[in-house]
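> quick one: sequence and predicted model below, then my questions.
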Amino acid sequence: MHTSRRIALVDGLDTSYLEAGAGDPVVLLHGGEFGASAEFGWEQNLVALAARYRVLAPDLLGFGESAKVVDFVDGRGMRIRHLARFCDLLGVESAHFAGNSMGAIMLLTDATSEAPQLPICSMAIICGGGEIQQNRHFEALQRYDATLDGMRRIVTALFHDARYPNDADYVRRRYESSIAPGAWEAVAAARFRRPGVELAANPSSVRRYERIAVPTLVVEGRNDKLLPGGWAAEMATQIRGGRSVVINDAGHCPQIEQPTTVNQLLLDFFSRQKT
């Protein structure tokens, strides 16, 4: 199955995306760590999902090969509006969505809003939306210094299996992505705070989940170092018809660590829904 890298001009902003397969659309949203991209987030999943679907995996604004722009007032809202326009330009009127970490939080933010903008017919929330843990792994994500050692700490935070941070080639690939022109600056910008302004409490798990009107699957990595155990089941009980699954031997990115399990899970879930 061939995967193509394409560029769409969305409201004047270059938007890079991966595309594969044919059929009903599936849109994949990657996480928000330094060096993240559609390729890193979904390289283990694109081909399997494309066997049945038209798969679109965009580099979100500020990441990968997409435009390095930041909205300091409503960064998440800007990415959601941009993604909605991306779908519109590509003729996606209704799609299955899957998001990991930041991508999952984008889906939850839109689906629980008063006026959702994304053409979601069903969604899979993968390790996003629980109450983030304030620990050394979270600090590794927040205080990345654009070094190989710093990237190794990020990879350690994301994965359960030590083979990922011990894989020098994998760490270097992510490192090189993180220092591409504008990449570090765009992601670091989301962490900027004006001196004297207190950091607001993390509101990630406080949402109007009863507003979600589409079939929702919530996926938890049993060995996630960033989210507390049980968050997925707790969230799913607040969503009408929501379902939760825990993936063994997986950290914050189970679609990477356990791709066979997650691919089958997504294929089964999406096949039961209609676009």
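Received the coordinates, thanks.
> count the residues that sit near residue 9.
10 (other Cβ atoms under 10 Å). Backbone N, C-alpha and C define where each C-beta goes, glycine included.
> oh sorry, the question was meant for residue 7
In terms of burial, residue 7 registers 12 neighbours under the definition other Cβ under 10 Å.
> ok, it touching residue 15?
Yes: counting by Cβ atoms under 8 Å, residue 15 is a contact partner of residue 7 at 6.8 Å.
> find residues that contact each of the two.
Between them, residue 7 and residue 15 have no joint contacts when contacts are counted by Cβ atoms under 8 Å, 6 or more residues apart in numbering.
> just checking, next helix/strand downstream of the helix or strand of the chain with the lowest mean pLDDT?
Lowest on mean pLDDT, DSSP states H and E among the helices and strands of the chain sits helix 183-189, with a mean of 92. For helix 183-189, the succeeding helix or strand toward the C-terminus, using DSSP states H and E, is strand 216-221.
> can you name the element that comes right after that following strand?
helix 231-236.
> contacts for the next helix or strand after that next one, please.
Sequence-wise, the next helix or strand beyond helix 231-236 is strand 243-247, with elements assigned using DSSP H and E. Where contact means Cβ under 8 Å, 6+ apart, the residues beyond strand 243-247 that reach it are 216-222, 232-233, 235-236, 254, 257-258, 261-262, 265.
> can you do 6 Å?
Contacting residues not belonging to strand 243-247 are listed as 217, 218, 219, 220, 221, 222, 232, 233, 236, 254, 258, 261 [Cβ atoms under 6 Å, 6 or more residues apart in numbering].
> could you do stretch 14-30 as well?
Outside stretch 14-30, the residues within contact range by Cβ under 6 Å, 6+ apart are 1, 3-8, 36, 38, 41-42, 46, 49-50, 53-59, 64-67, 86, 92, 95-99, 103, 106, 275.
> and for stretch 212-221?
When contacts are defined by Cβ under 6 Å, 6+ apart, stretch 212-221 is touched by residues 111, 120, 122-127, 232, 235-236, 239, 242-247, 250-252, 254, 269, 273.
> just the buried residues of that stretch, please?
Across stretch 212-221, burial judged by 16 or more other Cβ atoms under 10 Å covers 212, 214, 215, 216, 217, 218, 219, 220, 221.
> tell me how far the ends of it are from each other?
The separation between the terminal residues of stretch 212-221, taken as Cα to Cα, to the nearest Å, is 22 Å.
> ok so, going back, farthest-separated two in the buried residues of stretch 212-221?
Based on Cβ to Cβ, the longest span within those runs between 214 and 221 and measures 22.8 Å.
> helix/strand/coil for residue 149?
With DSSP: H, G, I helix; E, B strand; the rest coil as the basis, the three-state label of residue 149 is helix.
> okay, it and residue 175: tell me how far apart.
Taking Cβ to Cβ, to the nearest Å as the measure, residue 149 and residue 175 are separated by 10 Å.
> ok, now residue 93?
Distance from residue 93 to residue 175, by Cβ to Cβ: 39 Å.
> the more surrounded of the two?
The residue with more neighbours, out of residue 93 and residue 175, is residue 175; 22 against 10, by other Cβ under 10 Å.
> so the more buried one touches residue 153, yeah?
No: in this structure, residue 175 sits apart from residue 153 without contact. The criterion is Cβ atoms under 6 Å, and the distance is 11.3 Å.
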